[in-house]
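Participant: next one to model:
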Amino acid sequence: IITGSSAFDLQQTGEPLTGRSITYTMFPPAQMELAKRENIIQTKQLLDERLVFGSYPEVITLPTLSEKQQYLVELINTYLLKDILAFENIRNPQQLKDLLVLLAYQVGSEASLDELGRQLGLSKNTVGRYLDLLSKVFVIYNRRGYSKNLRKEVTKSSRWYFYDNGIRNALVSNFNLPALRQDMGMLWENYIASERIKYNTYKHHLVNSYFWRTYDQQEIDLIEEQNAVLSAYEFKWKEEKVKVPVAFAKAYPGVPFSVIHSKNYLGFII
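Facilitator: Prediction:
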């Protein structure tokens, strides 16, 4: 058994294991796991806390919110990038953190390599390399646009998400609870998207995940493709009626469309 906190650690075996290994990805604890030790009332009571502080094992076991905050701040300042710095020749570690902060403010929005490079004063290739490294240490992951037959669909950009909400909030230095926040749309989308990945992975569902958007701003947060069958999902913190975008309904008739909000989300992730 070989374990490691990043893909870099698992490359140090000394010989290739192609065809002779089984890989398990261990995410931060999923709600479907936590549900085994708490009842539905506790789960609902803890939702605000998990949206803000995430679910790293140490975080969910610390007794106070101040201790959770202190742990996350220390994590991003000392440990978060240690694998990259140890295995890669990064001349300016601050650039990596600046990139993460920029992504933290753009959760749920498309971000191209060119755009990120311009904002950070980096080349497109350097940004691409940094994003790849940050993905390998399981800090972020990307989702690409879905398109099959509509020319005005956006497919070249990616949306970047954090595996854990607590890391995202530590990067933007905001640990306010939901009632005091202006970015609940981002927090909710990041949380549900990540919990859905955990759910599909642990249930062994072979699912391709995308977002969908057109150049005239019609969009859907998540498109799942399983066995050539599509399902569409929109994420909203508060319960509200949302109609399927007209362009999507015309291009992909019959695809089921659901809104995942704070009143019905548990059936989607556990």
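Participant: quick one: Trp160 is in a strand?
Facilitator: Yes - Trp160: assigned to a strand according to DSSP: H, G, I helix; E, B strand; the rest coil.
Participant: show me what contacts it?
Facilitator: Leu103, Gln106, Val107, Ala111, Leu131, Ile140, Tyr141, Asn142, Arg143 (C-beta atoms under 8 Å, 6 or more residues apart in numbering). For the C-beta atoms, the positions are set from N, CA and C on the backbone; glycine is no exception.
Participant: phi, psi for the fifth one please.
Facilitator: With angles defined as degrees, to the nearest 10, Leu131 sits at phi -60, psi -40.
Participant: neighbours of it, how many?
Facilitator: 22 (other C-beta atoms under 10 Å).
Participant: show me the contacts for it.
Facilitator: Leu99, Leu113, Ile140, Asn142, Trp160.
Participant: so the helix or strand harbouring Glu189 versus strand 158-162, what angle?
Facilitator: Using DSSP states H and E, the element containing Glu189 is helix 184-202. Between the axes of helix 184-202 and strand 158-162, defined by axes from the mean of the first three to the mean of the last three C-alpha atoms, to 10 degrees, the angle is 80 degrees.
Participant: please export the alpha-carbon coordinates of helix 184-202; PDB is fine.
Facilitator: C-alpha atoms of helix 184-202 as PDB (Å, rounded to 0.1, in the frame of the first residue of the first chain):
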ATOM      1  CA  MET A 184     -23.200  32.600  -0.900                       C
ATOM      2  CA  GLY A 185     -23.700  31.700  -4.600                       C
ATOM      3  CA  MET A 186     -20.000  30.800  -4.900                       C
ATOM      4  CA  LEU A 187     -19.900  28.900  -1.600                       C
ATOM      5  CA  TRP A 188     -22.900  26.900  -2.400                       C
ATOM      6  CA  GLU A 189     -21.800  26.000  -6.000                       C
ATOM      7  CA  ASN A 190     -18.300  25.000  -4.800                       C
ATOM      8  CA  TYR A 191     -19.700  22.900  -1.900                       C
ATOM      9  CA  ILE A 192     -22.300  21.000  -3.900                       C
ATOM     10  CA  ALA A 193     -20.000  20.500  -6.900                       C
ATOM     11  CA  SER A 194     -17.300  19.000  -4.700                       C
ATOM     12  CA  GLU A 195     -19.700  16.900  -2.700                       C
ATOM     13  CA  ARG A 196     -21.200  15.500  -5.900                       C
ATOM     14  CA  ILE A 197     -17.700  14.500  -7.100                       C
ATOM     15  CA  LYS A 198     -17.100  12.600  -3.800                       C
ATOM     16  CA  TYR A 199     -20.500  11.000  -4.200                       C
ATOM     17  CA  ASN A 200     -20.000   9.800  -7.800                       C
ATOM     18  CA  THR A 201     -16.500   8.600  -7.000                       C
ATOM     19  CA  TYR A 202     -17.400   6.600  -3.900                       C
END
